[in-house]
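Q: Fold the following for me, if possible:
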Amino acid sequence: MRSLRLLLLAVLLLAGCHDSARLASLPPGSRVLAFGDSITFGSGAAPGEDYPARLAAISGWQIDNAGIPGDTAEAAQARIRAALGETRPALVIVELGGNDFLRRRPEKAVKEDLRAIVAAIRQSGIPVVLVAVPKLSLIGVATSRLPDSTIYAELAREEKLPVVEGVLAAVLSDPALKADPIHPNASGYRKLAEGVAEQLSRAGLLKKP
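A: Numbering: from 1, shown residues only. Here you go, the predicted model:
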């Protein structure tokens, strides 16, 4: 069963990050903002085991972790401009929506909140990448195959931006990679960082050593 889950993860890594939204690669030392909720923060693992720290080790980028546990796409609109001003990043990676889904907010509303965050980032002249978050699914939980919410692929197409698809869903579908029902453990964050790096590489943003 574990080998099947790993195979699923590998397939999802190859399938993500739309090639139509390629951006210029960022050299090592570039400053990147990871903007999100508890998944970005690293809840469920020790300090330094969060996915932004793991991604920094892979990429050589300087990544500022702006993850706040419990944050929502709705609330995060109020802090995105301050975060951009504080960090002045060359790229923003947005991972939000999970807490909105837990609060049963309509997916269309979450999509528009994410669109507003993307617009604020782009108004500052900064490229942005979305990380797709799985939607609530009892069948997905029962079968250990959580699906991405479709709003991320839709928004990526509409706004012509890269999206990392399937990786977080695959991690949260594997009990061996979770600290609790909604957070990865240290191994899960490592898998998440590797998946994000792989798809950013395919999108042209990251040249792996």
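
Q: Please list all residues in contact with the closest residue to residue 40 other than its chain neighbours.
A: Residue nearest to residue 40 in three dimensions, not counting chain neighbours: residue 67, with 2.9 Å by Cβ to Cβ, 6 or more residues apart in numbering. For the C-beta atoms, the positions are set from N, CA and C on the backbone; glycine is no exception. By Cβ atoms under 8 Å, 6 or more residues apart in numbering, residue 67 lies in contact with 34, 35, 36, 37, 38, 39, 40, 41, 42, 50, 52, 95.

Q: Which ones among those lie within strands?
A: Per DSSP state E, strands hold the following members of these: 34, 35, 36, 95.

Q: Look up phi and psi at the residue nearest to residue 40.
A: phi -90, psi 130 (degrees, to the nearest 10).

Q: Equivalent analysis for the one 4 residues further on, please.
A: In terms of degrees, to the nearest 10, the main-chain angles of residue 71 are phi -70, psi 150.

Q: Quick check: it touching residue 39?
A: No - using Cβ atoms under 8 Å, residue 71 makes no contact with residue 39, being 10.1 Å away.

Q: Compare these two and say which is more crowded by neighbours.
A: When residue 71 and residue 39 are compared for neighbours, residue 39 comes out ahead with 28 against 21, by other Cβ atoms under 10 Å.

Q: Contacts only, for that one.
A: Contacts for residue 39 (Cβ under 8 Å, 6+ apart) come out as 51, 67, 95, 98, 133, 168, 183, 184, 192.

Q: From those residues, keep the buried residues only.
A: Neighbour counting by 16 or more other Cβ atoms under 10 Å classes 51, 67, 95, 98, 133, 168, 183, 184, 192 among the contacts of residue 39 as buried.

Q: would a markdown table of those with pLDDT and distance to residue 127 be doable?
A: Shown next, in a markdown table, are the buried ones among the contacts of residue 39 (pLDDT from 0 to 100; distance: Cβ to Cβ, whole Å):
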| residue | pLDDT | distance to residue 127 |
| --- | --- | --- |
| 51 | 98 | 19 |
| 67 | 98 | 19 |
| 95 | 98 | 16 |
| 98 | 96 | 23 |
| 133 | 97 | 20 |
| 168 | 97 | 20 |
| 183 | 97 | 28 |
| 184 | 98 | 26 |
| 192 | 98 | 20 |
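
Q: nearest residue to the most centrally placed residue in the chain other than its sequence neighbours?
A: For the chain, the residue nearest the mean C-alpha position is residue 131 (2.8 Å; Cα atoms, centre = their mean). Closest residue to residue 131 apart from its sequence neighbours, by Cβ to Cβ, 6+ apart: residue 95 at 3.9 Å.
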